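Colleague: For reference, the sequence and a predicted model appear below.
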Amino acid sequence: MPRSVMLLLRRGLASASQGVLLMGVVGSVPAMAQSTPIQGIYTCTDAQGRKLTSDRPIAACNDREQVVLNPSGTVKSRVGPTLTAQERNELEVKRKLELEERSRLNEEKRRDKALLIRYPNQSVHDKERQEAQTQVGVVRHAVESRMEELLRQQAALGTEFEFYAKDPSKAPPSLRRQSEDLTQSLVVQRRFVSDLDAETRRINARFDEELVRLKQLWSLHSSAAK
């Protein structure tokens with residue numbers, strides 16, 4: 001057989017093979033498409049009472065729940081209604097409040113646990129209150145002693161000022177400065193005493209508040225131990 005004829009024959013066979021292969025691929029597309037599994041069947045009843053079904057989420061039912069069915073007709077899942085921007089904001093606020101409340105409760109439990117560890121009974125709590133009050137009392141005693149000393153110095157200066165009772169302007173500048181310094185020091189010490197009184201009230205208020213909560217915790221702890 002001539003070589004030219006052999007080449008034409010080979011080309012024809014190659015073309016025929018490609019055509020058969022192409023037909024096989026094209027013919028397989030419908031089969032492949034038919035074998036693709038259905039993800040789910042969406043069904044719902046819209047606002048007009050119509051029963052709707054689709055292979056994707058149904059826009060007419062965005063405001064209500066949609067049921068997703070398996071090909072067998074059994075329920076696969078449920079899709080909640082699509083929220084508006086306002087509803088999403090309200091839901092976010094609700095979730096934030098719930099998170100804050102959980103955080104508050106956890107913090108409260110932590111504080112309660114710390115209180116019970118620190119004060120297992122009232123005698124321990126009373127002792128610490130007394131120690132705190134004693135510390136303030138020590139400082140107050142020192143301040144009062146200082147005030148008594150300043151008052152004695154002020155009284156001594158008053159005796160010296162008696163010499164200038166008729167004309168106080170003739171009193172020596174050093175004597176006037178000393179009197180002003182004593183007066184200012186007494187003002188500072190009296191303010192210090194006032195601050196200490198406020199601290200004593202704060203201490204008592206703190207321990208009173210703790211004691212109310214501790215009595216509840218001690219009671220609960222005692223009941224749980226029985």
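Modeller: Cool, the structure landed. Just so we're clear, the structure is a prediction, and the values are computed from it rather than from any experiment.
Colleague: got the phi/psi numbers for the closest residue to Tyr164 other than its chain neighbours?
Modeller: Leaving out its chain neighbours, the residue that sits closest to Tyr164 by CB to CB, 6 or more residues apart in numbering is Ala171, at 4.3 Å. C-beta: built from backbone N, CA, C; applies to glycine. Phi and psi for Ala171, reported as degrees, to the nearest 10, are phi -60, psi 140.
Colleague: if I look at Ala171, how far off is Gly158?
Modeller: 11 Å (CB to CB, to the nearest Å).
Colleague: When these two are compared, which one has more neighbours?
Modeller: Of the pair Ala171 and Gly158, Ala171 is the one with more neighbours under other CB atoms under 10 Å, namely 16 against 10.
Colleague: From Phe161, how far out is that one?
Modeller: Ala171 is 6 Å from Phe161, by CB to CB.
Colleague: With Tyr42 instead?
Modeller: 101 Å.
Colleague: ok, now Arg64?
Modeller: Separation of Arg64 from Phe161 (CB to CB): 94 Å.
Colleague: before we move on, back to that, tell me the residues that contact both of Ala171 and Gly158, please.
Modeller: Counting by CB atoms under 8 Å, 6 or more residues apart in numbering, Ala171 and Gly158 have no common neighbour.
Colleague: Flag the shaky bits of this protein, pLDDT-wise.
Modeller: Scanning the chain for pLDDT under 70 picks out the ranges 1-38, 225-226.
Colleague: Kindly recompute the last result at 80.
Modeller: Within the chain, the stretches with pLDDT under 80 are 1-38, 83, 164-166, 168-169, 224-226.
Colleague: which stretches of this structure form strands?
Modeller: Assigned by DSSP state E, the chain shows strands spanning 41-45, 51-54, 66-69, 75-79.
Colleague: what sits against the residue nearest to Thr200 when sequence neighbours are not counted?
Modeller: Spatially, and ignoring its direct neighbours in sequence, Thr200 is nearest to Val136 (5.4 Å; CB to CB, 6+ apart). Taking CB under 8 Å, 6+ apart, we find Val136 in contact with Leu196, Glu199, Thr200, Ile203.
Colleague: I'd like to know which of the residues you listed is nearest to Lys94.
Modeller: Lys94 lies nearest to Ile203 out of the contacts of Val136, by CB to CB, at 40.5 Å.
Colleague: Number of residues surrounding the nearest residue to the closest one once chain neighbours are set aside?
Modeller: In this structure, Ile203 finds its nearest non-sequential neighbour in Ala132, 4.9 Å apart by CB to CB, 6+ apart. As a burial measure, Ala132 scores 17 neighbours (other CB under 10 Å).
Colleague: other SSEs contacting the longest helix seen in the chain?
Modeller: If you go by DSSP state H, the chain has its longest helix at helix 173-225. Counting contacts by 3 or more CB pairs under 8 Å, 6 or more residues apart in numbering; DSSP states H and E, helix 173-225 packs against helix 85-118, helix 122-161.
Colleague: Distance from it to the middle of the chain?
Modeller: 32 Å (CA atoms, centre = their mean, to the nearest Å).
Colleague: quick one: that helix to helix 122-161, angle?
Modeller: 170 degrees (axes from the mean of the first three to the mean of the last three CA atoms, to 10 degrees).
Colleague: neighbours around the residue nearest to Asn121 when sequence neighbours are not counted, how many?
Modeller: Nearest residue to Asn121, sequence neighbours excluded (CB to CB, 6+ apart): Trp218, at 7.1 Å. For Trp218, the count of nearby residues is 18 (other CB under 10 Å).
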